[in-house]
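> fold the following, please.
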Amino acid sequence: MYYIGLMSGTSADAIDAALADISSDGLEILDYRQYPLAADLQQALRKISLSSSVEEITELDVLTGRHFGQAVVALLKVNGITAQQVRAIGSHGQTIMHLPGATPARTMQIGDPNQISSLTGITTVADFRRADMAAGGQGAPLAPAFHAWRLRSDLSNRIVLNIGGIANITILPAAHAGEVRGFDTGPGNTLMDAWIQQCLKQDFDELGRWAASGKVREDLIKLMLADNYFSAPYPKSTGKDHFNLAWLASFTEKTGKTYRKEDIQATLLELTAASIAYAISTSAPETEEVLTCGGGIHNPVLMQRLQSLLPGIAIKSTGDYGINPDAVEALTFAWLARQRLENIPANLPSVTGAKNPAILGGIYEP
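Below is the predicted model:
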């Protein structure tokens with residue numbers, strides 16, 4: 001059965017689209033592509049904040065949904081597949097708010113699934129996070145269930161590390177000897193992306209070159225790593241509502257110093273690497289392998305720093321085990337769509353902190 005998974009990350013630069021044949025015990029990846037969002041839509045999505053108006057948010061909800069639907073149409077065309085051959089689309093949408101610690105806890109992803117199902121003629125599953133939150137969970141991360149299904153080993157203690165805008169880990173004990181755990185470790189690319197967008201008008205720091213040209217400022221990194229999020233117990237999840245440029249400014253103001261822009265970028269890269277390494281060494285010291293995925297895998301400076309902070313642990317790519325590291329999150333939502341249509345709970349209470357397993361997502365028929 002063909003399924004399509006869609007998502008757009010915190011960088012809001014493109015739609016990740018994966019086409020896969022998924023059964024109860026098998027996964028064949030047929031295609032994965034990225035479809036850039038229009039420049040004006042990118043800018044509007046990046047400007048959304050807690051003070052944005054209902055009018056702005058609802059307009060972007062429709063426009064983003066249309067872009068998601070158009071991405072599916074393009075994906076089907078290039079693969080010569082009809083809508084009738086696809087059982088469902090799983091769409092994560094674009095997260096514009098994630099406040100699991102608020103009262104009440106809440107999250108919001110936009111990209112109207114009604115637009116997607118209407119444009120494509122395919123059943124669409126969306127709104128995956130809120131059922132877990134209704135059960136008392138964080139609503140994130142959701143990928144650990146997929147990681148456990150496809151990447152768990154009988155022979156080695158593994159972690160799957162996704163470095164997207166936010167970084168998260170899935171702890172997979174060998175031989176199914178322990179429960180799956182996982183949580184957001186903190187910023188992945190989001191602060192580095194936001195800083196280079198503000199300073200150099202570039203979407204991201206290609207190959208980590210700008211960070212490599214700077215020097216880590218020890219006074220600044222020490223203050224950043226003292227943020228309570230890093231030492232908080234899991235289950236926990238976070239987003240750019242917490243880790244943003246205002247958060248960064250609070251620390252630069254505290255030191256009262258002026259820093260070179262490239263030094264701040266170098267310090268932000270160190271923050272990502274150090275917080276990931278801390279999370280792994282404290283929560284899963286028995287780890288033997290780290291399988292990485294997400295955009296951060298393409299930053300060699302970041303990956304080299306991670307390896308230096310995690311000596312004795314083999315840092316690999318999910319690609320070494322047959323899953324394109326760029327496609328993992330989109331594939332997760334294709335798989336979650338299947339779980340929803342089969343009425344199979346797909347959250348992991350050991351990860352999210354939910355009181356019970358929950359069936360995730362709402363179904364939108366064309």
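> and after the lowest-mean-pLDDT helix or strand in the chain, which helix or strand comes next?
One helix or strand of the chain scores below all others by mean pLDDT, DSSP states H and E: helix 39-47, with a mean of 94. Downstream of helix 39-47, the first helix or strand assigned by DSSP states H and E is helix 54-79.
> just how off-centre is that next one within its chain?
Averaged C-alpha coordinates place helix 54-79 at 19 Å from its chain's average position (C-alpha atoms, centre = their mean, to the nearest Å).
> angle of the least confident helix or strand of the chain against helix 54-79?
Here the directions of helix 39-47 and helix 54-79 differ by 130 degrees (axes from the mean of the first three to the mean of the last three C-alpha atoms, to 10 degrees).
> quick check: buried residues in helix 39-47?
Residues of helix 39-47 classed as buried: 41-42, 44-46 (neighbour count, 16 or more other C-beta atoms under 10 Å). C-beta here means a position set from N, CA and C on the backbone, and glycine is covered the same way.
> and the contacts of it?
Applying C-beta atoms under 8 Å, 6 or more residues apart in numbering, the external contacts of helix 39-47 come out as 8, 12-13, 37, 56, 60, 63-64, 67, 94, 96, 197.
> top of these by number of neighbours, please.
Counting neighbours by other C-beta atoms under 10 Å, residue 8 leads these with 30 neighbours.
> write down the beta-bridge partners of the closest residue in space to that residue that isn't next to it in sequence, one by one.
Of all residues not flanking residue 8 in the chain, residue 94 sits nearest, at 4.5 Å (C-beta to C-beta, 6 or more residues apart in numbering). In this entry, residue 94 is beta-bridged to residue 8, residue 110, by DSSP bridges.
> next, the contact list for residue 94, please.
Counting by C-beta under 8 Å, 6+ apart, residue 94 has contacts 8, 12, 45, 64, 109-111.
> what's the burial count for residue 289?
Residues within reach of residue 289, counting by other C-beta under 10 Å, total 20.
> state the distance from it to residue 158.
As judged by C-beta to C-beta, to the nearest Å, residue 289 and residue 158 stand 5 Å apart.
> also residue 293?
Counting by C-beta to C-beta, the gap from residue 293 to residue 158 is 12 Å.
> just checking, residue 167 is part of a strand?
Yes - secondary structure of residue 167 (DSSP: H, G, I helix; E, B strand; the rest coil): part of a strand.
> report the contact partners of it.
161, 184-188, 272, 275-276, 294, 296.
> want to try a markdown table for those residues, with distance to residue 284, pLDDT and secondary structure as columns?
Formatted as a markdown table, these follow (distance: C-beta to C-beta, whole Å; pLDDT from 0 to 100; DSSP: H, G, I helix; E, B strand; the rest coil):
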| residue | distance to residue 284 | pLDDT | secondary structure |
| --- | --- | --- | --- |
| 161 | 11 | 98 | strand |
| 184 | 15 | 98 | strand |
| 185 | 11 | 98 | strand |
| 186 | 16 | 98 | strand |
| 187 | 20 | 98 | strand |
| 188 | 18 | 98 | coil |
| 272 | 18 | 98 | helix |
| 275 | 15 | 98 | helix |
| 276 | 12 | 98 | helix |
| 294 | 18 | 96 | coil |
| 296 | 19 | 97 | helix |
